[in-house]
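K.L.:
Dropping the sequence and predicted coords here.
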Number of protein chains: 2
Amino acid sequence: MFEKVLIAEDHQSIKISVTQTLTNLGIEARDNYAYDCDNALQRLKKALQDNAPFELLITDLSFDDRAISIISSGKELIDAARALQPSLKIIVFSAESSASVIGKLFEEQGVNGYVKKGRSDTEELQKAVETIHKGKTFISPGLQQAVKAKNAHDFTPLDIAIITQLAKGMLQKNLPAYLQEQNLKPSGLSSVEKRLNHIRETLHISSNEQLVAFCKDKKII
Amino acid sequence: MFEKVLIAEDHQSIKISVTQTLTNLGIEARDNYAYDCDNALQRLKKALQDNAPFELLITDLSFDDRAISIISSGKELIDAARALQPSLKIIVFSAESSASVIGKLFEEQGVNGYVKKGRSDTEELQKAVETIHKGKTFISPGLQQAVKAKNAHDFTPLDIAIITQLAKGMLQKNLPAYLQEQNLKPSGLSSVEKRLNHIRETLHISSNEQLVAFCKDKKII
DNA sequence: TTAGCCGATACGGATTCCCGTAAAAATTAC
DNA sequence: GTAATTTTTACGGGAATCCGTATCGGCTAA
């Protein structure tokens, strides 16, 4: 079993339960807890320098950053941790259920496991640690299919840029200039209109306001 | 100290910590846990019928309702519980930090305490239980001022109805008919335009898309 | 009662958005 | 290299929104 596991979690109540789960697995829980991302990365670095690296990171996704921090989300922490120590195994332990978000964790960031906070999360977490120790990946039951099932519409980087700017108040007629600045193509106003129209149609959405609401709900923007 | 406390919480990891906190307070934690709102209300009813009512309810706000449930959010549970048993003390234990949401819990629903999940949430929860047992209210440190600080704009029920419909795809020209159906006044198209214009101005927002995004972020709609 | 005030509604011009069509450019096929 | 296809862009009419102004209707105070 793993011997050194780092917990990155800003909720004390959850940290206590996770620690208990690790103890049940026979993993020593001492000096292995960070309540923000900066501190978590620091500990990973220190352990690496001391030739006693962590083997597994269990991290949340959202941290409320009260202080000015360099890394303020689990997503960024994962990238930084992997860059620092490619061999590190990573379990995300979060309440996030958006297929879009979870899908990216596996596909773009290569996490080893995802446990959704829920009715049986401690058992699931325990199973996840065991499964990953055997070299396999783990995902909470029921989420597998949700992540595989593609959205009716796959949002491209262009789509996301367009909708993000709309949500920031940019008029759609000003989008071409912005998209050119960002080197995003196509940038013509007609193309923007066509793209938005296409998205609305496939999602059965009738206005830009509704589209912004949809993307906010699905955590796409 | 309280003798009967009910926990309504759908995350096992948190339930474990809350139970432990209650134990630390000398409160017996047996048969006092519900993982969804329907079940929680059922237990409150049963205990009342048996002449052994719960004295305190500790509840989360968000429950992911996998099954078809009558009550699916903590907000509704609170109303139902208060209707059933007005004397019941209620602590909300949630990660929600939106001033709008928390403010309403106290002002409209009269909860006795709010503990935000965070770095010291178990200590805070313990303190909350003690404080409320003395007949006072409790709110997590730092949130007090956030809740008191009013938003730049106070959203009226009319505002919320308008923006909600926009976010559902309704065209603004169709709003007058809808508002009349809902007996909301004023309902004239000019009034709707004027209202939206006023909101955008006070919040320094330039489009309806941005307004919808803002309200989604602040959990106003 | 009536003059004055204020909010709601009606109206109209300017702007923006929607959407279909056509031209232009880029890509692919042969 | 040229034709065919697709993608991007340009254009224009109609709809919806934005915003200023004016009218309507209820309310208050002298």
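P.N.:
Yep, it's here. Numbers count the residues shown, from 1 in each chain, chains lettered A, B, ... in the order given.

K.L.:
and chain A, which of its residues are near DNA strand D?
P.N.:
A:Pro176, A:Lys185, A:Pro186, A:Ser187, A:Gly188, A:Leu189, A:Ser190, A:Ser191, A:Lys194 (CB under 7 Å from any atom of the strand). Bear in mind the C-beta positions are built from the backbone N, C-alpha and C, glycine included.

K.L.:
Now render those as CSV, adding distance to DNA strand C and pLDDT.
P.N.:
Shown next, in CSV, are those (distance: CB to the nearest atom of the strand, whole Å; pLDDT from 0 to 100):
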residue, distance to DNA strand C, pLDDT
A:Pro176, 10, 96
A:Lys185, 9, 87
A:Pro186, 10, 93
A:Ser187, 12, 95
A:Gly188, 10, 94
A:Leu189, 8, 97
A:Ser190, 5, 95
A:Ser191, 10, 96
A:Lys194, 7, 95
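
K.L.:
Filter these down to the buried ones, ChimeraX style.
P.N.:
In ChimeraX, a selection of the buried entries from the residues of chain A next to DNA strand D looks like this (16 or more other CB atoms under 10 Å in any protein chain shown):
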select /A:176,187,191
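
K.L.:
Show me what counts as buried in the worst-scoring helix or strand of chain A on mean pLDDT.
P.N.:
Least confident helix or strand, chain A: helix A:143-148 with a mean of 85, by mean pLDDT, DSSP states H and E. Across helix A:143-148, burial judged by 16+ other CB under 10 Å covers A:Leu143, A:Val147.

K.L.:
Mind giving me the packing neighbours of it?
P.N.:
helix A:99-107 (3 or more CB pairs under 8 Å, 6 or more residues apart in numbering or on different chains; DSSP states H and E).

K.L.:
Next SSE downstream of the helix it packs on?
P.N.:
Counting by DSSP states H and E, the next helix or strand C-terminal to helix A:99-107 is strand A:113-116.

K.L.:
List the contacts of that next one.
P.N.:
A:89-97, A:102, A:105-106, A:121, A:124-125, A:128, A:131-132, A:137-140, A:143 (CB atoms under 8 Å, 6 or more residues apart in numbering or on different chains).

K.L.:
try it again with 7 Å
P.N.:
A:91-95, A:97, A:102, A:105, A:121, A:124-125, A:128, A:132, A:137-140, A:143 (CB atoms under 7 Å, 6 or more residues apart in numbering or on different chains).

K.L.:
Mind checking which of these land in strands?
P.N.:
A:Ile91, A:Val92, A:Phe93, A:Ser94, A:Phe138, A:Ile139 (DSSP state E).

K.L.:
picking up where we left off before, check the contacts of strand A:113-116 for burial and list the buried ones.
P.N.:
A:91-95, A:97, A:102, A:105, A:121, A:124-125, A:128, A:132, A:138-140, A:143.

K.L.:
check the contacts of strand A:113-116 against DNA strand C, which are close?
P.N.:
Of the contacts of strand A:113-116, not one also sits near DNA strand C (CB under 7 Å from any atom of the strand).

K.L.:
Got the phi and psi for the residue of chain A most remote from its centre?
P.N.:
Most distant from the centre of chain A: A:Ser190, at 33.7 Å, with distances by CA atoms, centre = their mean. A:Ser190 adopts backbone torsions of phi -60, psi -40, taken as degrees, to the nearest 10.

K.L.:
got a list of what it touches?
P.N.:
Per CB under 7 Å, 6+ apart, neighbours of A:Ser190: none.

K.L.:
Kindly report the same for A:Leu143.
P.N.:
A:Leu143 neighbours (CB under 7 Å, 6+ apart): A:Ile102, A:Tyr114, A:Lys116.

K.L.:
hmm, back to that, just send the residues of chain A next to DNA strand D back as JSON lines, with secondary structure too.
P.N.:
Listed next are the residues of chain A next to DNA strand D as JSON lines, based on DSSP: H, G, I helix; E, B strand; the rest coil:
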{"residue": "A:Pro176", "secondary structure": "helix"}
{"residue": "A:Lys185", "secondary structure": "coil"}
{"residue": "A:Pro186", "secondary structure": "coil"}
{"residue": "A:Ser187", "secondary structure": "coil"}
{"residue": "A:Gly188", "secondary structure": "coil"}
{"residue": "A:Leu189", "secondary structure": "helix"}
{"residue": "A:Ser190", "secondary structure": "helix"}
{"residue": "A:Ser191", "secondary structure": "helix"}
{"residue": "A:Lys194", "secondary structure": "helix"}
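
K.L.:
For A:Met1, state which of the residues of chain A next to DNA strand D is nearest.
P.N.:
A:Lys185 (50.7 Å; CB to CB).

K.L.:
Can you give me the distance of that closest one to A:Pro176?
P.N.:
11 Å (CB to CB, to the nearest Å).

K.L.:
For the residue nearest the centre of chain A, which non-adjacent residue is closest in space?
P.N.:
Chain A has A:Lys75 as the residue nearest its centroid, 4.5 Å off, counting by CA atoms, centre = their mean. Distances taken as CB to CB, 6 or more residues apart in numbering or on different chains put A:Leu61 closest to A:Lys75, at 6.5 Å, once the chain neighbours are dropped.

K.L.:
Report how many residues lie close to the one you found.
P.N.:
As a burial measure, A:Leu61 scores 18 neighbours (other CB atoms under 10 Å in any protein chain shown).

K.L.:
in chain A, which spans are strands?
P.N.:
Along chain A, counting by DSSP E, strands occupy A:5-8, A:33-34, A:56-59, A:89-94, A:113-116, A:138-139.

K.L.:
Report the residue ranges of every domain in chain A.
P.N.:
For chain A, whose domains are defined here by automatic domain parsing, the residue ranges read A:5-148, A:157-217.

K.L.:
Of all those, which one comes closest to B:Glu28?
P.N.:
Shortest distance between B:Glu28 and the domains of chain A, using CB to CB, is found for domain A:5-148: 19.8 Å.

K.L.:
Would you mind measuring the gap between the ends of that closest one?
P.N.:
The first residue of domain A:5-148 is 29 Å away from its last residue (CA to CA, to the nearest Å).

K.L.:
wait, what's in contact with A:Ser97?
P.N.:
A:Ser97 neighbours (CB under 7 Å, 6+ apart): A:Lys116, B:Asp64.

K.L.:
okay, and for chain A, where does confidence drop off?
P.N.:
A:150 (pLDDT under 70).

K.L.:
which parts of it sit against chain B?
P.N.:
Contact residues, chain A versus chain B (CB under 7 Å from any CB of the partner chain): A:10-14, A:16-18, A:20, A:35, A:64, A:97, A:117-122, A:166-169, A:171, A:205-210, A:212-213, A:216.
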